[in-house]
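In: Fold the stuff below for me.
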Amino acid sequence: MTQNVKSAQHMRFLRKPFQIVRDNFRAYLIINAIVYGLVITGMVAAIVFPNLGTNQVATQENSGMTDLVRSLINNSWLFSLTILGVNVMSGALLIVIPSLIVPFAGIPIFAYRAFTLGLLLAPTTSIIAVGLIPHSLTILIEFQAYALLMFGSYILGRSWIRPATIGARNHRQGYVRGLQQLGWLSLSTLPLFIIGAIWEALSLGYLLPPLIQWLL
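Out: Take a look at the predicted model:
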């Protein structure tokens, strides 16, 4: 009996986020277009206007993030945990928490962040270009997690402002139901963040060095 209950809970965990996406598929596609489109736009902008990319790299180095990566890159599992922590905190601070206070606030905040990350990821040197071969999978996985959080923020904001869209009677009930859907979508991002962090750490530590030697 207990096993059946656990199986039902696992199935609900898997089905619920897909159901939310299916019920709001157009909004989901638009959010994904915004996220990935801004990353690509940032990469193109850094190629066309090199100073933009240079300034972003300098900002990253001044923040200490580059030194942190260098110090952890040979310890893949610690590096993975650090990446996971940074990604989860970024999602919470930039997308989820602002959207809990102001409807849709996390969407423009992370949209700007996606653009600046695109500037940082632009293949402006041969080493970065080679790095994008394995790192493109990291971008696909991790930004999908961010897109799901932005999508959840959209659902929350819409439910809050227009309660009828989620079958609620008033704004308070709309907020609560929207928050529940944001919660389900947030849970679904954890496997993506974990897989993305592990792949990023392993690819940078073990795959990128031989690729650089082979191709350059």
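
In: so residue 104 makes contact with residue 152?
Out: No. Using C-beta atoms under 8 Å, residue 104 makes no contact with residue 152, being 11.2 Å away. C-beta here means a position set from N, CA and C on the backbone, and glycine is covered the same way.

In: for the record, mean pLDDT for the lengthiest helix in the chain?
Out: Of all segments of type helix in the chain, defined using DSSP state H, the longest is helix 126-161. For helix 126-161, mean pLDDT rounds to 95.

In: From the contact counts, what lies against that helix?
Out: Here helix 126-161 touches helix 2-23, helix 25-48, helix 76-91, helix 97-101, helix 106-121, helix 171-202, helix 208-215, going by 3 or more C-beta pairs under 8 Å, 6 or more residues apart in numbering; DSSP states H and E.

In: Where does pLDDT dip in this protein?
Out: For the chain, applying pLDDT under 70 flags the ranges 1-13, 63-64, 66.

In: swap the cut-off to 50 and go again
Out: 5 (pLDDT under 50).

In: Just want the most central residue of it.
Out: Geometric centre of the chain, nearest residue: residue 146, 2.6 Å, by C-alpha atoms, centre = their mean.

In: Does that residue touch residue 111 like I think?
Out: No. Look at residue 146 against residue 111 with C-beta under 8 Å: they stay out of range, at 10.2 Å.

In: Common neighbours of those two, please.
Out: residue 35 (C-beta atoms under 8 Å, 6 or more residues apart in numbering).

In: most packed of the helices and strands packed on helix 126-161?
Out: Of all the helices and strands packed on helix 126-161, helix 106-121 has the most neighbours on average by mean count of other C-beta atoms under 10 Å, namely a mean of 21.
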